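Asks: Structure here, sequence nowhere to be found:
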């Protein structure tokens, strides 16, 4: 779900790297914007889009800044030919070839070549499945919120942030959060803390 639609699950990261002005952010979003599939057998494509509409690529600079945040989205498109459908079409193609050439059988290499041809043809007809993951980046506070909750989406986000902005994302785990909120406390003291028991004993 998106930022503006009902319940949302968020992940938070520290965004470590150079301080960036809005102009540089816009240039980065343009450079690594989402680009549609162009034939071939590629099964996945991803890039930056506008947070309001995934068809707007790159993000509209007029809607990028939202208060203290810059807001945009990561679009990941996947397409795949179902294995059963690929096999069925390939079998028909093999039968047709055997009939036309009066062949008793078709060798492994020829079968593989035919399967590749069929896959390429079917791939051009497959509609991609898009997934959109919103991003709210507090550039000055060096914290990034995102709806990318699964491991694969997070991996794409981390790699693309590094490639686009030279920003390294670190998951904001409790220990890391405690260290950022209280930098004067040594890490050893934080890790040595024990949970506070709110049971009946102290009631």
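Replies: Received, thanks. Everything numeric in this text was worked out from a predicted model, so none of it was measured. Residues are numbered from 1 along each chain as shown.

Asks: distance of the residue at the greatest distance from the centre of the chain from residue 108?
Replies: Residue farthest from the centre of the chain, counting by C-alpha atoms, centre = their mean, is residue 102 at 49.1 Å. Residue 102 sits 20 Å away from residue 108, going by C-beta to C-beta, to the nearest Å. From N, CA and C alone the C-beta is placed, and that goes for glycine too.

Asks: hmm, back to that, now do the same for the residue farthest from the centre of the chain: its pLDDT.
Replies: The score at residue 102 is 81. That number is its pLDDT.

Asks: How about the contacts made by it?
Replies: Residue 102 sits next to no residue when contact means C-beta atoms under 8 Å, 6 or more residues apart in numbering.

Asks: same question, residue 63
Replies: Contacts of residue 63 by C-beta under 8 Å, 6+ apart are 50-52, 71.

Asks: Is the spatially most central residue of the chain in a helix, a strand, or coil?
Replies: The centre of the chain sits closest to residue 153, judged by C-alpha atoms, centre = their mean, with a distance of 3.5 Å. Of the three states, residue 153 takes helix according to DSSP: H, G, I helix; E, B strand; the rest coil.

Asks: Contact partners for it?
Replies: Taking C-beta under 8 Å, 6+ apart as the test, what residue 153 contacts is 74, 76, 131, 133.

Asks: Of these, just say which sits nearest to residue 62.
Replies: Nearest to residue 62, judged by C-beta to C-beta, of the contacts of residue 153 is residue 74 at 19.9 Å.

Asks: Bridged to that closest one, which residues?
Replies: On the basis of DSSP bridges, residue 74 is bridged to residue 48, residue 133.

Asks: Could you measure from it over to residue 157?
Replies: For residue 74 relative to residue 157 (C-beta to C-beta), the value is 6 Å.

Asks: got it, and residue 36?
Replies: 20 Å.

Asks: One more: residue 101?
Replies: 51 Å.

Asks: and those two? which has more neighbours close in?
Replies: Neighbours per residue (other C-beta atoms under 10 Å) separate residue 101 from residue 157, with residue 157 holding more: 21 against 8.

Asks: Surely the more buried one touches residue 135?
Replies: Yes: the criterion here is C-beta atoms under 8 Å, and residue 157 meets it with residue 135 at 7.4 Å.

Asks: Are there residues contacting both of those two? Which ones?
Replies: Counting by C-beta under 8 Å, 6+ apart, the residues touching both residue 157 and residue 135 are 74, 146, 148.
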